[in-house]
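*Asks:* Give me a model of this one.
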Amino acid sequence: MAPQFPMPDPTQPKPLRVIAAIAGLVTLIIGGLPTLGVALTPQAIGWLSGVVGALSTLAVALIGEQHVTPYRAPRAKDGTPLVRANPDQN
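*Replies:* Numbering: from 1, shown residues only. Now for the predicted structure:
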């Protein structure tokens, strides 16, 4: 029997999606600047896109780590250790 997963909550904030959308939009704008008459070399466009990619990756890591429970030492936001409700289950 396949495992059953709960449906995602549509009201829950999705900060990582927001970061990805912003990074994609900024990269799209950088790539489109030459069509608007802004003189950028292909190397400059590549460099700027790389900077946006690196910064967005860092933002995803820093923000994402605040929204996940560590596997080795799970704790609630107030620092209380989390324990299994039924320790007999794996």
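*Asks:* can you give me the helices for the chain?
*Replies:* Under the criterion DSSP state H, helices of the chain are mapped to 15-32, 42-64.
*Asks:* possible to save those as TSV with distance to residue 84 and mean pLDDT?
*Replies:* Backbone N, C-alpha and C define where each C-beta goes, glycine included. Formatted as TSV, the helices of the chain follow (distance: least, C-beta to C-beta, whole Å; pLDDT from 0 to 100):
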stretch	distance to residue 84	mean pLDDT
helix 15-32	27	87
helix 42-64	24	89
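*Asks:* got CSV for those helices, with mean neighbour count too?
*Replies:* Putting the helices of the chain into CSV (neighbours: other C-beta atoms under 10 Å) gives the following:
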stretch, mean neighbour count
helix 15-32, 14
helix 42-64, 13
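*Asks:* So which of those is nearest residue 8?
*Replies:* helix 15-32 (11.5 Å; C-beta to C-beta).
*Asks:* got the contact list for that closest one?
*Replies:* 40, 45, 48-49, 52-53, 55-56, 59-60, 63-64, 67 (C-beta atoms under 8 Å, 6 or more residues apart in numbering).
*Asks:* next one: stretch 34-52
*Replies:* Contacts of stretch 34-52 (C-beta under 8 Å, 6+ apart): 23, 26, 27, 30, 31, 33.
*Asks:* Measure how buried the closest residue to the last one other than its chain neighbours is and give me the count.
*Replies:* Think residue 33. Nearest residue to residue 33, sequence neighbours excluded (C-beta to C-beta, 6 or more residues apart in numbering): residue 40, at 5.6 Å. Other residues within reach of residue 40, judged by other C-beta atoms under 10 Å, total 14.
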